[in-house]
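>>> Sequence first, predicted model second:
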Amino acid sequence: MAASKTKTTWFCSTCGNESSKWMGRCPACGEWNTMVEAPKQSPVATRTSNGPSGRKAQHLRDIDFSAEARVSLGIEEINRILGGGMVPGSLVLIGGEPGIGKSTLSLQIPLNCPGLKTLYVSGEESNRQVKMRAQRLGGDDSDCFIYCETQVENIIEEAVSLAPDLVIVDSVQTMSTSAVESTPGSVSQIKEVTAMLLRYAKESGVPVILIGHITKDGYIAGPKILEHIVDVVLQFEGENRGSYRILRSIKNRFGSTSELAVFEMTGSGLREVSNPSELLIPMHEQGLSGTAIAAMLDGTRPFLFEVQALVSSAVYGTAQRSATGFDTRRLNMLLAVLEKRAGFHLSAKDVFLNMAGGLKVNDPACDLAVICAVLSSNFDFAIPSDVCFAGEVGLSGEIRPVSQSDRRIAEAARLGFKKMFISSFTKLETKTEGIEVVNVADVPELVKSLFK
Ligand code: TYD
Ligand code: MG
């Protein structure tokens, strides 16, 4: 397919923004010197459906649903975040920084699932390298075919003749198609390759897992374009130094988003951590100030983890505020609430906040644990280790109810917590045995009942 060279367009290689002319700075993401030229042409994927397709509109009740059984991937945690296995014909994008474990995770899928005939396409490693990794991961009695190729036309041809149950493509940035005249990894290549794989998945009904590298600022390269083409986006994150990895669903057409699974990187691959609370709550027994346990909910699963704070007198003029895994602006807001509504003078103090296990938290229910950890460190007063918290803190210092409090309480009770602080405005449906629920309406009341 020869592309007409007369028309070209410009893409930002960071965010995928399209422009008719070159610009030094991308107006969409603000990055400098990222515009690359790509031939303008109608993508192959959209060119196919000219003329009648032979399909007709079908009544909802006549659509056969029973055939849509999901494909189980052998790793329970992945099945769970996908919403119960992979939907036939779906395209799942797994994104993450280099070295986080995307290739390891995706190779473990066929290895853990013996009956699953898989075509594993590697554009980055040789057959022998993949074999070496498979051996390390402890299994080659799987039904897995390794294909080292970067031309997407060849990959689809091979997939059609092999007729596997699952195709894994590692990674989208190394793949290219002759339909587009730009280098592999460029925005137009990524877009086209993804569109072709999507079309293969939809036509054959074979689910496809596509791996994508994320650029330094957290974008899946050629990012927004891919996110809306694919059915599911899973993001693999975690600190490279630490051994815990978190797989998070950020888009899912067939299940809930913001589901989360925790894995541990071991010498023989990734191990599922089916009960993350056990690893995210402290090892120490009693008596450490500056920590508080939050009962958070990610997607559909409640779990508990430790919030750590360190408050100390500012050495330099202006106080430092830093938060890992928590929004710094929200921390500043919570500190302002403590100052204004409860009379704690923290403006001259340095405040450092850390979420255990390299977790990134965005559940507002963690607010309560954050302020308790800060106060605990400030007064050097240890919160008993069998106490936990779930509540959002409002600007006037009120403590607001959070979603699914019953489930959070039940999880806390299961893990042996004896006391949980929640908002007085919470409407509980059931009473959980073995845990005392303390209702607090605002920050002063919380302080009174916790630090009395
Ligand atoms: P990899 O899966 O290649 O990451 P990605 O495909 O996301 O770039 O490897 C991730 C890291 O994990 C690598 O630094 C080596 C390490 N690792 C282990 O610790 N144990 C193992 O069994 C394997 C296979 C890799
Ligand atoms: Mg890799």
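All right, it came through fine. Residues are numbered from 1 along each chain as shown. Ligands and ions are numbered 1, 2, ... in the order given.

>>> When you work out contacts or count neighbours from here on, use the C-alpha atoms and nothing else.
OK.

>>> and the longest helix for the protein?
helix 187-204 (DSSP state H).

>>> Can you tell me what sits against that one?
Residues from elsewhere that reach helix 187-204, judged by Cα atoms under 8 Å, 6 or more residues apart in numbering: 11-13, 16, 38, 43-45, 88-91, 152, 156, 160, 172-173, 175-177, 180, 182-184, 206-208, 221-222, 225-226, 229-230.

>>> Double-check that residue 158 belongs to a strand.
No. Counting by DSSP: H, G, I helix; E, B strand; the rest coil, residue 158 is not found in a strand; it is helix.

>>> Tell me the predicted confidence for it.
If you check residue 158, the pLDDT there is 95.

>>> State the number of residues packed around it.
14 (other Cα atoms under 10 Å).

>>> With the one 3 residues further on instead?
A total of 8 residues lie near residue 161 under the criterion other Cα under 10 Å.

>>> again, but for residue 101
Look at residue 101: counted by other Cα under 10 Å, it has 19 neighbours.

>>> Return the residues in contact with residue 117.
Taking Cα under 8 Å, 6+ apart, one finds 110, 142, 143, 144, 145, 164, 165, 166 in contact with residue 117.

>>> Next step: those restricted to helices.
Reading helices off the contacts of residue 117 with DSSP H, I get residue 110.

>>> in its sheet, what does the helix or strand hosting residue 307 sit against?
Here residue 307 sits within strand 301-313, counting by DSSP states H and E. Sheet pairing for strand 301-313, assigned by DSSP bridges, gives strand 291-298 (antiparallel), strand 349-355 (antiparallel).

>>> how about the strands in the stretch 101-250 of the chain?
118-122, 144-148, 166-170, 208-213, 232-237, 244-252 (DSSP state E, counting those that start in this stretch).

>>> Export those as JSON lines, with columns for mean pLDDT, mean neighbour count and distance to ligand 1.
Rendered in JSON lines, the data for these read as follows (pLDDT from 0 to 100; neighbours: other Cα atoms under 10 Å; distance: least, Cα to the nearest ligand atom, whole Å):
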{"stretch": "strand 118-122", "mean pLDDT": "95", "mean neighbour count": "24", "distance to ligand 1": "10"}
{"stretch": "strand 144-148", "mean pLDDT": "94", "mean neighbour count": "18", "distance to ligand 1": "15"}
{"stretch": "strand 166-170", "mean pLDDT": "95", "mean neighbour count": "26", "distance to ligand 1": "8"}
{"stretch": "strand 208-213", "mean pLDDT": "93", "mean neighbour count": "25", "distance to ligand 1": "8"}
{"stretch": "strand 232-237", "mean pLDDT": "88", "mean neighbour count": "24", "distance to ligand 1": "8"}
{"stretch": "strand 244-252", "mean pLDDT": "86", "mean neighbour count": "22", "distance to ligand 1": "10"}
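
>>> closest one to residue 325 among those strands?
The minimum distance between residue 325 and the strands of the stretch 101-250 of the chain falls on strand 232-237, with 11.6 Å, by Cα to Cα.

>>> give me the low-pLDDT residue ranges for the stretch 151-300 of the chain?
In the predicted model, the stretch 151-300 of the chain carries pLDDT under 70 at residues 215-224, 239-242, 258, 279, 283-286, 299-300.

>>> need the residues of it near ligand 1, please.
265, 266, 267, 268, 269 (Cα under 6 Å from any ligand atom).

>>> Is the last one in contact with residue 104, as I believe?
Read that as residue 269. Yes. Counting by Cα atoms under 8 Å, residue 269 touches residue 104, with 6.5 Å between them.

>>> quick revisit: what separates the strand holding residue 307 from the chain centre, distance-wise?
20 Å (Cα atoms, centre = their mean, to the nearest Å).

>>> From the rest of the structure, what touches it?
259, 276-277, 280-282, 290-297, 348-356, 369-370, 373-374, 377-378, 407-408, 411-412.

>>> Just the buried ones from these?
259, 276-277, 280-282, 290-297, 349-356, 369-370, 373-374, 377-378, 407-408, 411-412 (16 or more other Cα atoms under 10 Å).

>>> Return the distance of residue 204 relative to residue 210.
Distance from residue 204 to residue 210, counting by Cα to Cα, to the nearest Å: 16 Å.

>>> and if you look at residue 93?
5 Å.

>>> shared neighbours of the two, anything?
Counting by Cα under 8 Å, 6+ apart, nothing touches both residue 93 and residue 210.

>>> So this protein: which segments form each domain?
Residue ranges for the domains of the chain, per automatic domain parsing: 10-39, 74-274, 281-450.

>>> So for the shortest one, what gets flagged as buried?
Looking back up the chat, that one is domain 10-39. Result for domain 10-39 [16+ other Cα under 10 Å]: buried residues 10-19, 22-23, 26, 34-39.

>>> I'd like to know which of these are part of helices.
Going by DSSP H, the helices hold none of the buried residues of domain 10-39.

>>> mind listing which of those residues are in strands?
Of the buried residues of domain 10-39, the ones assigned to strands by DSSP state E are 10, 11, 12, 18, 19, 35, 36, 37, 38, 39.
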